[in-house]
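Undergrad: What shape does this take:
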Amino acid sequence: MQKLASTVCNIEDLVELFIKLPSTGYISKDDYKVFESLNKQFSKKIGLTDRQHDMVVKKLRQYVGQTGLTFPNIENVLAKTKYEIRTLNRNKSINLVDKLPQSSSFIKGPGPFIKITFPYSARNTNLVIKTLKTIKNHASNSKFIHTYDTTTKEYFFVVTESTVYHIVAAFNHRAFDIDQQLLDWYYELADAVNNPHKHLPGIYNYVIRNISDAGADMCINELGEPDENNILLYKDRMHRFGLNSVDVDLDLSKYSELSVEVATRKDATNVAVSEQSYSVNDIITMLVELKRFPVLITIANKVPATSLEALKKFNDALTEQMPGLKSSVMFRFDNRNSKGEKFNKYVSDNNLNHSITDAVDVVYISDRKLNKTIVKNKFQPLCVLTPGSLMRGLTSNSRLQEYMSQCDLVCYYNKELDGFKSHYEAKGVVIKLIK
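TA: Coordinates of the predicted model:
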């Protein structure tokens, strides 16, 4: 070891010698790990940073006299490095930029973009990851909202209200230099978040605020002035009316459990209700309590007997709770098939053939295609009800899917909900499970 000590010429040599020394207990475990880490760095021909240099010189001075070895000209050794000392850019900033580096091609479209720059820090990196997760939870489409440039070591975000608010909120008190424009936007957004009644469309103390007169008239014409008797219905129609908040204590005692579950869905226009927990009568009660008529019901029409069973099940429950309601079945089967003829006869015998122009309450259509008549007559249901298999709701005709998506309440009614949420959300459909 003394022979090796006499050949030490610089800091890198001295660190390498220290990790070769037999353990004598005078080097702490933490410092030994530091020397090991630096030696690995040196093996890649990466020099010390200025801060690493100051730190390692201090530690080497602490231990060099305890080795029992003689180091000629130790001060000269500690003054020399094999590799050039690196001075890192310790800029901590959040800026608006018009363009991305050429190496960043993941985000598409024009700028501006938010650029986050900081020297490597596990704490700041974790904060970026945490902030990104928060942004994704508030974004309808978060796939192309950010990128990390591996060349410049910088993060880039598309400018949206969500990215501005959450990024500035996360880093505003961490000694980052933030563009004034971003700060101005953030303070405006923070004021809206902290004082929603001043800015965001909603119902506050039973008063409709921050929407146009035409929008308010639409709400009142459909439900009446907000009061304790209809406030849950306003909560249910937040997506339909474009409301951000219904800031009123809700009296839920007079509503069924399913009505409450559906009406209080937070971000979803789609709900999936379990047949094992809720009956068809529960579904109809929910539609009645939330005043969700007219309703469009899709029926699987591949097998006449199965279609008839589904039609009878819903028609019986509907007529029991709503005598005299008008219904229209918009598809038929071939009468040359006895089971098809039976289906058609049931439709006729139960007067389920009202014209769609007669202010019908319920319209039944095939789940395989969008009926042209409902489009021609501009039929706009207040609820779409899709009973049946897990997959049918997303594999039906694309035009039907587009039509359904225009409704603020689409209710899937299935026996099994396992895998339902992940299956639909993989297609970009936000859904609430009600088991």
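Undergrad: Excluding sequence neighbours, find me the nearest residue to Thr134.
TA: Counting by C-beta to C-beta, 6 or more residues apart in numbering, His166 is the residue found nearest to Thr134 once chain neighbours are left out, at 5.2 Å. Using the backbone N, CA and C atoms, a C-beta is placed for each residue, glycine as well.
Undergrad: how close does that neighbour get to His146?
TA: Per C-beta to C-beta, to the nearest Å, His166 is found 11 Å from His146.
Undergrad: list the residues that contact both of the two?
TA: Ile135 (C-beta atoms under 8 Å, 6 or more residues apart in numbering).
Undergrad: Next up, phi/psi of Val164, please.
TA: For Val164, the backbone dihedrals (degrees, to the nearest 10) come out as phi -60, psi -50.
Undergrad: which residues sit in contact with it?
TA: Contacts of Val164 by C-beta under 8 Å, 6+ apart are Ile114, Leu182, Trp185, Tyr186, Leu189.
Undergrad: separation between Glu257 and Ser279?
TA: Remark: distance between Glu257 and Ser279 (C-beta to C-beta) = 12 Å.
Undergrad: ok so, going back, state the three-state secondary structure for the residue nearest to Thr134.
TA: Following DSSP: H, G, I helix; E, B strand; the rest coil, His166 is assigned to helix.
Undergrad: doesn't Lys133 make contact with it?
TA: No: applying C-beta atoms under 8 Å, one finds His166 not in contact with Lys133, separated by 9.7 Å.
Undergrad: So which of the contacts of Val164 belong to helices?
TA: With helices taken from DSSP state H, the overlap with the contacts of Val164 comprises Leu182, Trp185, Tyr186, Leu189.
Undergrad: ok, of the residues you listed, which one's closest to Asn301?
TA: Nearest to Asn301 out of the ones in helices among the contacts of Val164 is Leu189 (C-beta to C-beta; 49.2 Å).
Undergrad: if you skip the residues just before and after it, what's nearest to the closest one?
TA: Distances taken as C-beta to C-beta, 6+ apart put Tyr165 closest to Leu189, at 4.4 Å, once the chain neighbours are dropped.
Undergrad: got a pLDDT number for the one you found?
TA: Tyr165 is assigned 93 on the pLDDT scale.
Undergrad: quick check: mean pLDDT across stretch 265-272?
TA: Per-residue scores along stretch 265-272 average to 86.
Undergrad: Pull out the buried residues from it.
TA: By 16 or more other C-beta atoms under 10 Å, the buried positions in stretch 265-272 come out as Arg265, Ala268, Thr269, Asn270, Val271, Ala272.
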